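[1] need a 3D model of the sequence below.
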Amino acid sequence: MKKKLIHIGYVLFVLMLPGTAFVQAQEVSDSLVNVAFGKVAKEDLTGAISVVSISDQQTKNYTVGALDGLNSLIGGYTGNIWGQAPLVLIDGIPRDASTIRASEVESVTIMKGASAVVLYGSRAAKGVVLISTKRGKIQPLHIDVRANTGFYVPKAYPNYLDAATYMTLYNEASRNDGNADRYTQSDIYNTAAGTNPWRYPDIDFYSSDYLKKAYNRSDVTAEVTGGSARARYYANFGVSYNNSLMKYGEQKNNDNLKFNVRANVDMNLTDWLTASADASVVFNENYTGRGDFWGAASTLRPNWFAPLIPVDLIDPNNSALQAMVDNSAHVIDGKYLLGGTSSDLTNNFADMLVAGYIKNKTRNFQFNVNVGADLSMLLPGLSFKTDFAVDYSSFYSEAWRIYYAVYQPTWANMNGKDMIVGLTKYNEDTNSTNEYIGESRYTQTMTFSAQFNYNRTFDKYHNVTAALLGWGYQTQNSADANHNSSDYHRTSNVNLGIQAGYNYRHRYYLDLAGAVVHSAKLPEGKRNAFSPSVTLGWRISDEAFMKENASFVDNLKLTAAYTKLHQDLDISDYYMYKGYYADDAGWYQWHDGTAGGWTTGSRRGDNPNLTFVQREEYRVGLDASLFNKLISLDANFFVQNTNGLLTQGASTIYPSYFNYGNTNYLPYLNYNNDRRTGFDFTLNLKKKIGAVEANLGFSGMVFASKATRRDEVFDDAYQYRAGKTLDAYWGYICEGFFQDQADIDNHARQSLSDVKPGDLKYKDVNGDNVIDSKDQVNLGHNGWAAPPFSYGVNLTLKWNRFTLYALATGNTGGIGMKNSSYYWVRGANKYSDIVLGRWTEETKETATYPRLTTTNNSNNFQNSTFWQYSTDRFDLNKVQLTYDFPQELFKKAFVHSLSLYVSGESLLTISKERRLMELNVGSAPQCRFYNIGFKAAF
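    Down below sits the predicted model:
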C-alpha cells in the first residue's frame, strides 16, 4: 500500500482549492483560512465551511480540548456535522482530536458541505473537522506560560431509598404479586433504628465515607515560538493532572497524568524550495483501583448484605470461627472480614480494599514532513507540495489482582447482644507480588499526499486556479488475542482529485472539482467511482445597482453547489458482496435410521453488482455583512440524499424461501435511501457602546431527516419507517393506569404480560383488540444525530482591561425516554425515590408511577408516552472573566505581559427535566468546574 501511495503521489498532480465552500463563524486573524489541501482567501470561499481561530479564543476562553465550545460558535455543528459523524484531521492527517490540546491549535475548520470535502474522497463523505496547529513566526524568541487549577463539583447524585423504606415497599410489591412479605416488621424496625448496621445494613454509596465533595484538575503549558526568514519554530510543552471523587480503598489513589510535547519547524531551503517537519508525543497514565463503584451504587440493594463483618462481634468462645479470622489474609484494619453471600462472591467494597489496581498507559507519536516547491520558473503560478506522515499509538495496562474470600455471617442474640455464631466462607484468599499485562493495543497510520497547484491572474481581473492531487492513508489496528486480536484488513482511503476554478474580479465564481475514489470493500469492476462537484458564486454587493440602492450592505455573496459523493463508510465490512457457506445448515438422519449428520448450506448470497453508497447534495448559501460590519450573517440550506444503503431484501425483494431455517441465500444490495434537510446560520452583532466593546453571536440549525425508501412490510401503514424521521422514537400511547379488574376486562387484551390494577394501559391503535408491537407509533424525534432545532450563543464584553466571555447552547423539539434502571425498577432492583409515587388503591387518583412488582413486568417497562419527556434545554456552558495587567508594569521586567482569569463550566441547565438531565446513573456524576489561571509572556 505504501508503494502505491508513493507512486500515486509522484505521478499525479495536486490541487489547491481556493473556491472551496466557506461560512465564516468567528473572525480569524489571518486573511487565509485552512481548507482541503491548502489555504484560501476568505473573500473567495463559496460554500459551507466555518472557521474558528482557537488562538484568539484562548485569550478569553481557556479550554483544554481543541473542539470544546465550538457548538456555541458554529451553526450546523453539534459534535456531528449536519447530523453525521465527521472525519477529524489534524494538519491534514486522520487523527484523534483527544491527542491534541487547544493550546497547540491555531484554528479549526468545520467543512460541512459535500463540495468542501469532495477532494478527501470516501472517508470524508460525512464532513470534516480540520484542526490546524500553530506555526513559528518571524520574531525574536517568545515564551508563553499558562497555569490553571480548579475543582470539579458534582451536580447531583441519584436519590435511592434507604434500606427500611426499600424493605417496606418490597413487601408491598410482593403482596401486589400475591406473595407473602419478604421482610419481617422486626427486621424493618431494626434497620430503621440503626441498632446494628452490620446485621441490619443500610448502605449509602453516596455518603462522605466514600466520596469527596470535589476533586482537582491542574495543568501547566509552555509555548516557545520565534524564527527568521530562513527558519521558524513553534514548541508546546504541557502537563495535566487530575484525581477523582473517590476516597475509599485503593480508589482513593485514582488519578490521571498526561504529558505532551509538540515541535513544528518551517524552513525556506532556497528561494523556491520550502520544507517543514512536525513531531508530537503524548504520554497518558491512568491509575484506577479495582471495583465498579458507580455501577454497584445503582444496583446493590441497601439492605442486601454488609460488605464488612466486624471481628469483635464474632463469638470469642467459638474457636472454629476465631481460626477463620486468624487464617484470613484480609482482615481490614485488623477489624473487619469481607462480607458476601452465595450469590455475591465478590463485592465492590472488597474490590476497592484488597483486589488490586489497573494502570493504563497510552502513548501517541505523530510525525509528518512536508516539502513545497515554487515552480513558477517553469510555468508562472505553478507550485508543488507533498506530505508524508507516520503515527503510532499504543495502549497497554499493567495490573495487579488479588482474589479473596468472603464470609456470610449467621447472627444470634446472646445475653441481649447481637453476636455472630456462624460464618460461611466462599472463595479462597490468594496472594501475588507480580504485575501482569492485562490488555495491549497498537495502531499505525501512514498518510501521503502530493499535489501540483496552479494559481494565476490574467489581465488583472481574471483569476484562474487548477490542480490535480493524490491522497491516501492506511490504518492498521492490532490487539492482544484476548481483546479482539488484530484486524485482518487495514482501514484505507485512496483517491485522486481534480479541480478547476475561475472568478472574475472576485465577483463571479465557478468551481469544478471531483475525486476518483477506490474501495476494496466492493467487488471487482465496482471498486472505482468518480465524485463530481459544481459550485457557483455571485458577490451581488459589487454590482452597481446594489451600491447605488443598498449602501448599507458591506458584502453580500450568494453561492450554490451540487455534489455527488461516492462512499463506503456505510458498508460495514469487507466481502459483503460475497456469499459463503457453513456446515451447520441442518441435521439429517441417514436412511437406515442409525446415524445422522450436519449438512452444508448457504449463509449469504452473492451480489457482484454491490456498489458505493452515494451522498447527493444540493446546497445554497449566503454570506452577508451589513452596516459597516455591525451585522454579519452566514447561512446554508441543504438537501442531502443518501442513496444505496445496504439491506438484504428479506421483506419485499426476494421470496421467503431465500431465508429458511438455517439457510440464507439473501445477498446484500444497495436499496435503502435517506434524506437530510436543514438550514444552518451564524449571526454576529458587533458594536461599541460607550467604553464597552460588545460582540454577540447566535448560531443554529433547523434539521430534519427522513427514510425515503426501506425494504419493509408492516400490516399497518403508520408503522412503515419509510417517510418517517431517521431518529423516530417508537412506542405505545399510554392511556393511564388500569384502575380495577373491570377496567382490564373492558380493554383490549395486553399481550405484553399479565396485567393487574395499577399497570399501564395502552391504546389499541389498529383496533384489533390486542395490544402488541403492532400498536407502536412514532412518538417523535430522539435527536440522536441532531435535534430538530439546535442553537448556540456567545457573548464577549470588553471594558477597560476586563473581558467577560460566555458560551451557551440549547435545543428544542426532541424527546427522550425515562428508561434507565432509575425509572424502570424491575424485580429486586434498587428502588429510587421515583417509586414513591407508585399506584395503590389509596393513591390511584394521584399516582405517578405504576404499581410495584417483584417481576420484570414487560408490560409497564416499554417505551411509551408515559415515560416520554421533552429534551428541550438551555445550558450555560462557560463564563470566564479575564483581567489583562497594564503593559506599563512590565517595562523593566523579564515578564512582558500577564493575564489573570477565573472561569466556570457547565454552570446552569434550564429545562423542565433539569434533574433528569443532570443525573448520571451507573457512572460518575456530571460536574461543574471552577477554575483559576494565569498566562504570562516572556
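
[2] how close does residue 631 get to residue 798?
    Residue 631 sits 19 Å away from residue 798, going by C-beta to C-beta, to the nearest Å. No exception for glycine: its C-beta is placed from N, CA and C like everyone else's.

[3] now do residue 930
    Residue 930 sits 23 Å away from residue 798, going by C-beta to C-beta.

[4] and if you look at residue 873?
    29 Å.

[5] how about residue 544?
    Separation of residue 544 from residue 798 (C-beta to C-beta): 38 Å.

[6] pull out the buried residues from stretch 895-910.
    898, 899, 901, 903, 904, 905, 906, 907, 909 (16 or more other C-beta atoms under 10 Å).

[7] no wait, stretch 150-157
    150, 151, 152, 153, 154, 155.

[8] in a markdown table, list the residues you listed along with pLDDT, distance to residue 655 and secondary structure.
    Formatted as a markdown table, the buried residues of stretch 150-157 follow (pLDDT from 0 to 100; distance: C-beta to C-beta, whole Å; DSSP: H, G, I helix; E, B strand; the rest coil):
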| residue | pLDDT | distance to residue 655 | secondary structure |
| --- | --- | --- | --- |
| 150 | 97 | 64 | strand |
| 151 | 98 | 65 | strand |
| 152 | 98 | 59 | strand |
| 153 | 98 | 62 | strand |
| 154 | 98 | 58 | strand |
| 155 | 97 | 56 | coil |
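
[9] ok, of the residues you listed, which one's closest to residue 687?
    residue 150 (32.7 Å; C-beta to C-beta).

[10] related to what we said a few turns ago, the more surrounded of residue 544 and residue 798?
    More crowded of residue 544 and residue 798, by other C-beta atoms under 10 Å: residue 798, with 18 against 7.

[11] tell me the confidence at the more buried one?
    Model confidence at residue 798, given as pLDDT, is 97.

[12] distance of it from residue 60?
    9 Å.

[13] over to residue 457?
    Counting by C-beta to C-beta, the gap from residue 457 to residue 60 is 38 Å.

[14] and the strands in the stretch 351-500 of the chain?
    Applying DSSP state E, counting those that start in this stretch to the stretch 351-500 of the chain gives strands spanning 356-374, 382-401, 406-414, 417-426, 436-458, 462-479, 491-504.

[15] what distance separates stretch 301-313 from the centre of its chain?
    Taking C-alpha atoms, centre = their mean, to the nearest Å, one finds the center of stretch 301-313 at 40 Å from the center of the full chain.

[16] helices of the stretch 601-750 of the chain, residue ranges please.
    Listed in chain order, the helices of the stretch 601-750 of the chain (DSSP state H, counting those that start in this stretch) span 741-745.

[17] kindly report the same for the stretch 51-200 of the chain.
    Counting by DSSP H, counting those that start in this stretch, the helices of the stretch 51-200 of the chain are 54-57, 114-117, 163-176, 185-193.

[18] what's in contact with the longest one?
    By C-beta atoms under 8 Å, 6 or more residues apart in numbering, the residues outside helix 163-176 that reach it are 160-161, 180-183, 187-189, 191-192, 200-203, 301-303, 756, 758, 828, 830-831, 835, 838, 840, 851-854.

[19] same question, the second one
    Outside helix 114-117, the residues that touch it by C-beta under 8 Å, 6+ apart are 20-22, 35-36, 47-49, 87, 111, 124-125, 127-128, 511, 513, 533-535, 561-565, 615, 617, 619, 640.

[20] among the residues you listed, name the buried ones.
    Counted by 16+ other C-beta under 10 Å, those give 20-22, 35-36, 47-49, 87, 111, 124-125, 127-128, 511, 513, 533, 535, 561, 563-565, 615, 617, 619, 640 as buried.

[21] among the residues you listed, which lie within strands?
    35, 49, 87, 111, 128, 511, 513, 533, 535, 561, 563-565, 615, 617, 619, 640 (DSSP state E).

[22] tell me which of the helices of the stretch 51-200 of the chain is the most buried.
    Most buried of the helices of the stretch 51-200 of the chain by mean neighbour count (mean count of other C-beta atoms under 10 Å) is helix 114-117; its value is a mean of 32.

[23] starting at the chain centroid, how far to that one?
    23 Å.

[24] what pLDDT, on average, does it get?
    The pLDDT scores in helix 114-117 average 94.

[25] cool, and stretch 536-547?
    On average, stretch 536-547 scores 94.

[26] buried stuff in it?
    536, 537, 538, 539, 540, 541.

[27] go on, stretch 737-747?
    So, applying 16+ other C-beta under 10 Å, buried residues of stretch 737-747: 737, 738, 739, 744, 747.

[28] which of those residues fall within strands?
    Per DSSP E, the buried residues of stretch 737-747 map to strands at residue 737.
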